[in-house]
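Asker: need a structure here:
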Amino acid sequence: MNDPSGSFPARCSSPVVEGIERRLARWHATVKGTWARLAFRALPHLAGVALEMDAAALHPGPLPRFFSTTVREIGPALNDDLLELYGRAGQALENRFAFFNSPQAFDREIDWEPPQTPSWRAELHAGDYILDLACTYRISREEVYARHIRYLMAHWIVANPPISGTGWLPYVLARRLRNWMLSSDLARSDWENDPEFWGVVTKSLTLQTAFLLSRREELPSPAARLDASRALLCASRFFQGKARAELRSRGLELLVPKEEAPSAGPWPSLRLARAQALMEWNLFSESSEDADFLEAELEAALAQLEAALLPNGSLPLFGPEARLAQDELADLAALAAVRFQSSTWKSLAGKFGILPYLLLGEPGKDRYQNLPETPWTPQDNFDAAAGDPRLAGPENSAMVITTHFPSSRDDHQDFLSYELVIQGHRVVVDSGGFAPEETAYFPRAQAHNILLVDGYAPRWGNSECPAASAGGFHDLTPGCARLQMPDPGFRFLGLHHERAWFRLENGAWAILDRLEGEGSHRSTSLVHFYPTLEIVRGEDRALVHSRALRFAVIPLGDSQPLASVSRGDHAEFPGYYSPEFGVKFPASVLAWRWERCTLPWLGGMLILSGCGEDFRRQELQPQNHLVRVEFSGKVYDLRMH
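Answerer: You can find the predicted model right below:
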C-alpha cells in the first residue's frame, strides 16, 4: 500500500485486540481531557523555584523527526514480531505491566509507587511501554493507542510532582525522557490535534530535561550515564537556541568520557548499550561537525561488541545486567549493516526488524535487502583493555572469558569466569543476572566458573586490579592457543593464583589453575552447565550429555579430585541459569575438589568430545608449570608461564 503520508494499517488484528479497543474507546470518551486539564492546572504549582528557573532557559522548537516518513508496510516476515509488539501494547492498554517476570494489573488508576521492588517501580516510571504504544499507533493508525499514551503521560504528570519519588531519580527520568520524546514523533498526527495536551507534555519535558541536566553528576552507573546521554541527544533535537548546544555537549561528555574506569573493560551488556547510544547519535545528530567523530566511535564500539559475541551471535551473560538481548542485538546489527554497508552485520542481524524499519524506512530496507550476506564466524580476540577475550575453535565453537574486575563485594564476582560453546551449543555458561536486587546467589562467586581455595572465594580491592598487559595470549602450534591471566584475589591467603585456558585440536579445551605460596590448601573448581545438559560421574571423569551433544570432563592434577554434582537448590553449590531478568532455570554444577594441594600446585580439567575414550595419560610437572596429556594419538604440553 502506497501512502505519501507514510501511514498504513498493519496487517495484524484479532478479536482480543478489537475487544480491548472497543472497551477503551468508551472509557476514553469520558476521560479524554480530564487528566490533561488536571495536569495543566497542577504543573505551575508542582515545580520548585530553582527547577522553574533552570527550565526557563529551555525553549522547545518544532516537533523533531526521529523516524522515517517513508514507512509503508510491515512485511509478512515480521508477523511474529508484529504480534509480539501488539501483545505488549495490548497489555499496556489494560494497564497491565510485567517487569522482571512479576506482573501487576491496575484496575482503575495506576499506582505509581506500588508494593513492588525498587527496580520494578523504576521500570514502571521509565515507560518503555509508552514507546511500544507509540510504535503500534504509528503502524496501525488506530486512535486507541494514541489516546492511551495521552492518558498515561498526563496521569503520570499529575501523580508525580517534581522532584520526589521513583520517577524523578535521574537514571529513571533519563529513560522516560527519551521514550516520551521519541513517542512524540510517532504520535505526532494525534498530538498536533490536541494543543492542550501538547502544552502539558512540553512543560513537563522542559522540567524533566532541566532536572536531568542539573543532576547528571549523580548518575549511579555507566549504564545510567548512557541512558542519560541518549535522553540528552533527543532533548538537543527537541529544544532550540543556546540550550541545544549545551544539551549536545553534555550528552557527548556522558557518552565519551575523558577518563575511563580502571577496570579491564565493560560488561557485554554495557558494550551493547554503548553501541546503541552511539548508533542513535549517528542517526539523530544534526551537527555536521560531529559526523566523522561519531562514526569512528560507533565503528570502535561495534568492533568491541563483536569481539565478545558467542558463535551464534549472542552475548555471554557476564555481569549484573546480563541478558541475551537477542532482539536488541538484531536491531543494532541491522542498523549497522545499512550504516556501513556490511554484509557481516547483516548476517548477525538475520532480519530487518520493526525498529530499523521505522527508523530508516523504505530506503533503509532496500539497502539492507540488496546487501549480500556473508556468514560470520568468530575469530581469536585478546584485548585486555577491552575485556572479554575470545578463543575461537572449529565447527562453530568458542570460549569467551570475562576479565572485568569487580568494583566491590556487591559486584558480580565472576573475574576469570568463562562461557564455552561447542558445535554451536551452549555448554559452560555464566549464571546470568536474574534481578537487580538479587544478592543471595547470582552475584556470588559460587554462581560462576571460578576457583575457590579453602572454601573461600577471591577477594579484591580496586587497587589490586591487574594491569591490562598482565595477561598473555599465545598461539602454540597450528590450531592450538593459550590465554593466561593473573588473579590477585587470594593474596589475603598469602597465595598467588593464575588461570590459563587452552584451545586444542580435535575440538578439545583445557582450563588450568596454578597456585603458589606456602602450606597445603583445598582447591575447588566450579563449572556451570547449560540447563539441558546432564552430568554422570565416572571413576576418573564426568560425562556430560544432552540430546544433541556428548563430551567428557577429565580432571587434571597430581591426584584424583572428589567430584560433586548439584542442580537447582543446593546447600553448597546451587545451580541456576537466568537468560533474562526474572527468569531462571535449574542447571547442573560440577565441582572438582582437591583436598590437599601442596604448593606449587597445578590442576584443572580437559574437555573432550564423546566419552573421552581416546584419552591416554597425563604427566604433571608443577615446578615447570606443565601438564602433559595425550589423546587422539597426539601429546600436548599444557604449560603456564
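Asker: pretty sure Trp601 contacts Ser520?
Answerer: No - Trp601 is beyond contact range of Ser520, at 9.0 Å (criterion: Cβ atoms under 8 Å). Bear in mind the C-beta positions are built from the backbone N, C-alpha and C, glycine included.
Asker: The two: which is more packed in?
Answerer: Taking other Cβ atoms under 10 Å, Trp601 and Ser520 do not tie; Trp601 has more neighbours (23 against 11).
Asker: Which residues are in contact with the more buried one?
Answerer: Trp601 is in contact with 514-515, 521, 523, 557-558, 594, 622, counting by Cβ atoms under 8 Å, 6 or more residues apart in numbering.
Asker: Among the residues you listed, which are located in strands?
Answerer: 514-515, 521, 523, 594 (DSSP state E).
Asker: and the helix or strand hosting Ile157, which residues are buried?
Answerer: Here Ile157 is covered by helix 143-159, with elements defined by DSSP states H and E. Neighbour-count burial for helix 143-159, counted by 16 or more other Cβ atoms under 10 Å, picks out 144-159.
Asker: Can you tell me which of those lies closest to Met640?
Answerer: Nearest to Met640, judged by Cβ to Cβ, of the buried residues of helix 143-159 is Trp156 at 57.4 Å.
Asker: So the closest one sits against Trp112, correct?
Answerer: Yes - Trp156 lies in contact with Trp112 (Cβ under 8 Å); the separation is 6.8 Å.
Asker: what do those two both touch?
Answerer: 125, 167.
Asker: Count the residues that sit near Pro62.
Answerer: 8.
Asker: typo on my end, it should be Arg65
Answerer: For Arg65, the neighbour count with other Cβ under 10 Å is 12.
Asker: With Ser559 instead?
Answerer: 13.
Asker: ditto for Ala457
Answerer: The tally of other residues near Ala457 (other Cβ under 10 Å) stands at 17.
Asker: could you pull out the strands for the stretch 301-450 of the chain?
Answerer: For the stretch 301-450 of the chain, the strands defined by DSSP state E, counting those that start in this stretch cover 390-393, 397-401, 418-422, 425-428.
Asker: Could I get the buried residue list for the helix or strand hosting Ile535?
Answerer: Element membership for Ile535, per DSSP H and E: strand 534-537. Using 16+ other Cβ under 10 Å as the test for burial, strand 534-537 gives Ile535.
Asker: Arg65 - nearest residue in space that isn't next to it in sequence?
Answerer: Of all residues not flanking Arg65 in the chain, Asp185 sits nearest, at 5.6 Å (Cβ to Cβ, 6 or more residues apart in numbering).
Asker: Next: Ala552.
Answerer: Using Cβ to Cβ, 6+ apart, the nearest residue to Ala552 is Gly612, at 3.1 Å.
Asker: try Leu233
Answerer: Among residues not flanking Leu233 along the chain, Gly251 sits closest, at 4.9 Å (Cβ to Cβ, 6+ apart).
Asker: Phe67 now?
Answerer: In space, Phe67 is closest to Leu358, 5.0 Å off (Cβ to Cβ, 6+ apart).
Asker: partner residues bridging the residue nearest to Asp637 when sequence neighbours are not counted?
Answerer: Leaving aside its sequence neighbours, Asp637 sits nearest to Arg628 (Cβ to Cβ, 6+ apart; 5.4 Å). With DSSP bridges as the criterion, Arg628 is bridged to Glu619, Asp637.
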